[in-house]
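In: Here's my sequence, what's the structure:
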Amino acid sequence: PEAYKVTISKAKPGVILLLKDSTWNNAAIQLQGNGTAKSPITISPQTPGGVTFTGQSYMQIAGEHLIIKGFHFKNGYSPRREVISFRINNDKLANNCRLTEIVIENYSQPQRFKSDVWITLYGKNNRIDHSTLVNKLNSGPFIIAELDDERSQENNHSIDHNYFKGRQRFGSNGGETIRIGVSRYSLTASRTKIV
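Out: Predicted coordinates for the structure are as follows:
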């Protein structure tokens, strides 16, 4: 992880970063960089699915034109609000970024009514596609497109071609698969496309 932090900080448009296949336990991963539409920065394992995050691992994305591809979260839970967040903090959001071929499974909080979110979209023009999300057993949606900031409204996100399974009947509010904003922003346009 330390070598990775140094490498990502120096990444230029068009670079492909390959993380060594292994199991990363309790890893706090921040992916921040600025690619371009024609030359994005791509971050993936050496082989698809070859990097598994376990324990209390989580990922935060910020910058422009990043492609995060092929990672697997399994048998753990995030110590933060999200497993994967399209922002590092309130000042550093992700725009024009793509999360693809991700698997999150059995990554639930130990307490059923402790809420978290597996993926939260902030910023604009981000995409989640061809990913698998299975067996979320605790409170909170699989995916949220947040609208709580003007920089994340009218966002034109795309949530497409994903597979969801194993969401048991929760018995109360808080068990959504995908949530766009909250009632406070019900009259605010999101323009998030779900296919």
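In: Distance of Ala27 relative to Phe53?
Out: 6 Å (Cβ to Cβ, to the nearest Å). C-beta: built from backbone N, CA, C; applies to glycine.
In: quick one: which of the two has more around it?
Out: Just comparing Ala27 and Phe53: by other Cβ atoms under 10 Å the higher neighbour count belongs to Phe53, 25 against 17.
In: So for that one, what's the pLDDT?
Out: The model reports Phe53 with a pLDDT of 97.
In: That one touches Met59, doesn't it?
Out: Yes. Counting by Cβ atoms under 8 Å, Phe53 does reach Met59; the two are 7.5 Å apart.
In: okay but Tyr77 is in contact with Arg112, surely?
Out: No. Counting by Cβ under 8 Å, Arg112 is not a contact partner of Tyr77; they are 11.8 Å apart.
In: Give the residues shared as contacts by those two.
Out: With contacts defined as Cβ atoms under 8 Å, 6 or more residues apart in numbering, the residues shared by Tyr77 and Arg112 are Asn138.
In: Looking only at neighbour counts, state which of those two leads.
Out: Ranked by neighbour count (other Cβ under 10 Å), Tyr77 and Arg112 place Tyr77 first, with 21 against 13.
In: check contacts around the more buried one.
Out: Gln56, Val83, Tyr107, Ser108, Gln109, Pro110, Asp116, Asn138.
In: what's the helix or strand for the closest residue to Gly14 other than its chain neighbours?
Out: Nearest non-adjacent residue to Gly14, counting by Cβ to Cβ, 6 or more residues apart in numbering: Ser39, 3.6 Å away. For Ser39, there is no enclosing helix or strand under DSSP states H and E.
In: what sits against Ser39?
Out: Ser39 neighbours (Cβ under 8 Å, 6+ apart): Pro13, Gly14, His65.
In: Am I right that Gly174 sits in a strand?
Out: No. Assessed with DSSP: H, G, I helix; E, B strand; the rest coil, Gly174 is coil; it does not lie in a strand.
In: show me the contacts for it.
Out: Residues near Gly174 by Cβ under 8 Å, 6+ apart: Ser115, Ser139, Gly140, Pro141.
In: quick check, nearest of these to Leu133?
Out: Pro141 (10.1 Å; Cβ to Cβ).
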